[in-house]
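Undergrad: Turn this into a structure:
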Amino acid sequence: LSFLLVIMESIYVMTGREIWRVITRFWGKLFGINFVLGVATGITMEFEFGTNWAYYSHYVGDIFGAPLAIEGLMAFFLEATFVGLMFFGWDKLSRIGHLAVTFMVALGSNLSALWILIANGWMQNPVGARFNPETMRMEVTDFYSVLFNPVAQAKFVHTVSAGYVAASVFVMGVSAYYLLKGKWTNVARRSMMVASAFGLASSLSVVVLGDESGYALTDNQRMKLAAIEAMWHTEEAPAGLSIFGIPDMAAQETHFEVKIPYVLGLISTRSLTGEVMGINDLVLKADERIRSGIIAYDAVEKLKVNRTNIAAREQFERHKADLGYAMLLKRQVADPRAASDQQILLAAKDTIPNVPVMFWLFRIMAGLGFFFIGFFALAFYCASACGFNQRWFLKLAVAIMPLPWIAIEFGWMLAEIGRQPWAVEGVLPTFLAASSLTVGQIWTTIIGFTLLYGTLAVIEVRLMIATIRKGPVEHHEPEMSRGQAGYAPLPAE
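TA: Down below sits the predicted model:
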């Protein structure tokens, strides 16, 4: 919503029309409510790393913590510095000065997303770091690689664009509600015009940049890509894209599958000759990496006893990339070196995520993405053709308000379920990343966090509804021309 505020206030600065000030301040109030709740939930998550993910924090904290610390020092402080000026500086700053403040808040919110997604992108593609057998932890070796991680960059632009779509649908929905009620119609129509144009550009970006995310998966998360497509066997290049099917994990096949030829190969490899590996072949690849990882694990154990063991150090260096795969065996056996062939195969099969869930999450998310393109294209047309006077369109705009949130949540579920069984891809299994808690302690923290977030959600929704019901009502002293005196109300119409 922040960059929508920048656009609306820019129109106010350029035109000088007071109604755009009313519009900007109204949507700014709703942005402020969401901003405060975002800060509160973000602080809570910091505690969750310590309570529920203690070993994760210890093992990869040197890498994962750095982007989060920079996010606080750079983005959060930037937002915190200017957000007060944005809300309380309307009558203290010049128009251009206040626009600059609003832009800095918008910049800060997007920089916050950037650093958080750099951290999450490293979990998906852990570049620029290595395991140090002396400290028994992961350490940064190349921060530039962490910063410009291609997965993180693709996730950032895709996620931020999805947020823009959600904000645009929110503005459209609330404005449509006002038009249906016959309230503040000039504010509503102008807001819808801005949101329809911004939403169309954003929805197109989401789909295009989603394609880039698919390409990024080909290099480092092939199992996730194969699970999304329920591709059990490697196909001849170029692979087709499944648009419908019923994945069966027990039979390892997809029933009633309908495919579009060549599309998956073009999206994921940018060529007609690139190969997309199937799930079964990737399991065999995981089996090989587990066996290599056992050698690395053995070297680490030897280095624990004698840090100057040159042979163990050489052994570790040759197989260190697969150390994390050996850790998968700890679910079956305390010492991976004692694992049987059957246990190794079971660990390799653990690398398969929930294929039916992945398959349908992606299709629902992608379907909603294309739906939003159509909706905003229709809104863009209605802005000029019918002036948003069609009640069926207004009712549709109100009805679809939850859909962007659903699409975003499905996208995050797709990203995180698809990474399983890894907390950090190929480095640290999820079951090892968790804190050493009893079942009762885990339920206590889960219930505690759920109650806290649930309470905050209820507070946010109630504040949002109250503000929307009140509407864009302004009470301020307008600028008086020379010779005028007294006060005059500023109409929202």
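Undergrad: just the strands in the stretch 51-200 of the chain please.
TA: In the stretch 51-200 of the chain, strands defined by DSSP state E, counting those that start in this stretch lie at 129-132, 137-140, listed in chain order.
Undergrad: mind putting the ones you listed in a markdown table, mean pLDDT included?
TA: Formatted as a markdown table, those follow (pLDDT from 0 to 100):
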| stretch | mean pLDDT |
| --- | --- |
| strand 129-132 | 91 |
| strand 137-140 | 92 |
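Undergrad: export these to JSON lines and tack on distance to Ile400?
TA: All C-beta atoms are positioned from the backbone trio N, CA, C, and that covers glycine. Below are the strands of the stretch 51-200 of the chain laid out as JSON lines (distance: least, Cβ to Cβ, whole Å):
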{"stretch": "strand 129-132", "distance to Ile400": "42"}
{"stretch": "strand 137-140", "distance to Ile400": "43"}
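Undergrad: closest one to Phe376 among those strands?
TA: In terms of Cβ to Cβ, the element of these nearest to Phe376 is strand 129-132, at 40.2 Å.
Undergrad: what lines up beside the closest one in the sheet?
TA: Strand 129-132 pairs in its sheet with strand 137-140 (antiparallel), by DSSP bridges.
Undergrad: buried set for the strand it pairs with?
TA: Of all the residues in strand 137-140, those buried under the rule 16 or more other Cβ atoms under 10 Å are Met138.
Undergrad: sec struct for Ala423, please.
TA: strand (DSSP: H, G, I helix; E, B strand; the rest coil).
Undergrad: pretty sure it contacts Pro429?
TA: Yes. Ala423 lies in contact with Pro429 (Cβ atoms under 8 Å); the separation is 6.7 Å.
Undergrad: mind listing what Phe170 touches?
TA: Taking Cβ atoms under 8 Å, 6 or more residues apart in numbering, we find Phe170 in contact with Leu1, Leu30, Met401, Pro404.
Undergrad: For Leu93, find the nearest of the strands of the stretch 51-200 of the chain.
TA: Closest approach to Leu93 among the strands of the stretch 51-200 of the chain (Cβ to Cβ): strand 137-140, 41.0 Å.
Undergrad: Touching that closest one from outside, list them.
TA: Residues from elsewhere that reach strand 137-140, judged by Cβ under 8 Å, 6+ apart: 58-63, 66, 126, 128-132, 146, 424, 427-428.
Undergrad: Please flag which of the residues you listed sit within helices.
TA: His58, Tyr59, Val60, Gly61, Asp62, Ile63, Ala66, Val146 (DSSP state H).
Undergrad: Just the buried ones from these?
TA: Buried, going by 16+ other Cβ under 10 Å: Tyr59, Val60, Gly61, Asp62, Ile63, Ala66, Val146, out of those.
Undergrad: now those as TSV including pLDDT and distance to Gln153?
TA: Below are those laid out as TSV (pLDDT from 0 to 100; distance: Cβ to Cβ, whole Å):
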residue	pLDDT	distance to Gln153
Tyr59	91	25
Val60	91	20
Gly61	88	23
Asp62	88	22
Ile63	90	17
Ala66	88	17
Val146	92	11
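Undergrad: mind checking how far Pro238 is from Ala321?
TA: The gap separating Pro238 from Ala321 is 29 Å, by Cβ to Cβ, to the nearest Å.
Undergrad: who's more crowded, the two?
TA: Applying other Cβ atoms under 10 Å to Pro238 and Ala321 shows that Pro238 carries more neighbours, namely 21 against 16.
Undergrad: Was I right to think that one contacts Ser271?
TA: Yes. Between Pro238 and Ser271 a contact is recorded at 7.3 Å, counting by Cβ under 8 Å.
Undergrad: shared neighbours of the two, which are they?
TA: Gly265.
Undergrad: Please name the nearest non-neighbouring residue to Val151.
TA: Of all residues not flanking Val151 in the chain, Asn125 sits nearest, at 4.0 Å (Cβ to Cβ, 6 or more residues apart in numbering).
Undergrad: Tell me how many other residues crowd that neighbour.
TA: For Asn125, using other Cβ under 10 Å, the count is 23.
Undergrad: Can you pull the phi/psi pair for it?
TA: phi -140, psi 90 (degrees, to the nearest 10).
Undergrad: Wasn't Ser242 part of a strand?
TA: Yes. In this structure, Ser242 lies within a strand as judged by three-state DSSP.
Undergrad: What's the separation between it and Ile459?
TA: Distance from Ser242 to Ile459, by Cβ to Cβ: 42 Å.
Undergrad: which of the two has more neighbours?
TA: Ser242 (21 against 14).
Undergrad: who does that one bridge with?
TA: When bridges are called by DSSP bridges, Ser242 pairs up with Lys259.
Undergrad: Tell me which residues touch it, please.
TA: Residues in contact with Ser242, defined by Cβ under 8 Å, 6+ apart, are Glu229, Ala230, Met231, Thr254, Glu257, Val258, Lys259, Leu264, Phe359.
Undergrad: Contact partners for the fifth one?
TA: Pointing back at Glu257 there. With contact taken as Cβ under 8 Å, 6+ apart, Glu257 is in contact with Ala230, Ser242, Phe244, Gly245.
Undergrad: Could you confirm it falls within a helix?
TA: No. Glu257: not assigned to a helix; according to three-state DSSP it is strand.
Undergrad: Would you quantify the distance from the residue most central in space within the chain to Phe148?
TA: What sits nearest the mean C-alpha location of the chain, by Cα atoms, centre = their mean, is Thr159, with 4.7 Å. Separation of Thr159 from Phe148 (Cβ to Cβ): 17 Å.
Undergrad: number of nearby residues for Asn220?
TA: Neighbour count for Asn220, taken as other Cβ under 10 Å: 17.
Undergrad: Out of the strands of the stretch 51-200 of the chain, which gets nearest to Ser109?
TA: Of all those, strand 137-140 comes closest under Cβ to Cβ, at 26.3 Å.
Undergrad: Return the closest one as PDB; C-alpha atoms alone will do.
TA: Written as PDB, here are the backbone C-alpha positions of strand 137-140 (Å, rounded to 0.1, in the frame of the first residue of the first chain):
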ATOM      1  CA  ARG A 137      28.800 -24.100  12.500                       C
ATOM      2  CA  MET A 138      28.000 -22.600   9.200                       C
ATOM      3  CA  GLU A 139      30.000 -19.300   8.500                       C
ATOM      4  CA  VAL A 140      29.800 -16.600   5.800                       C
END
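Undergrad: Brilliant, that's me finished.
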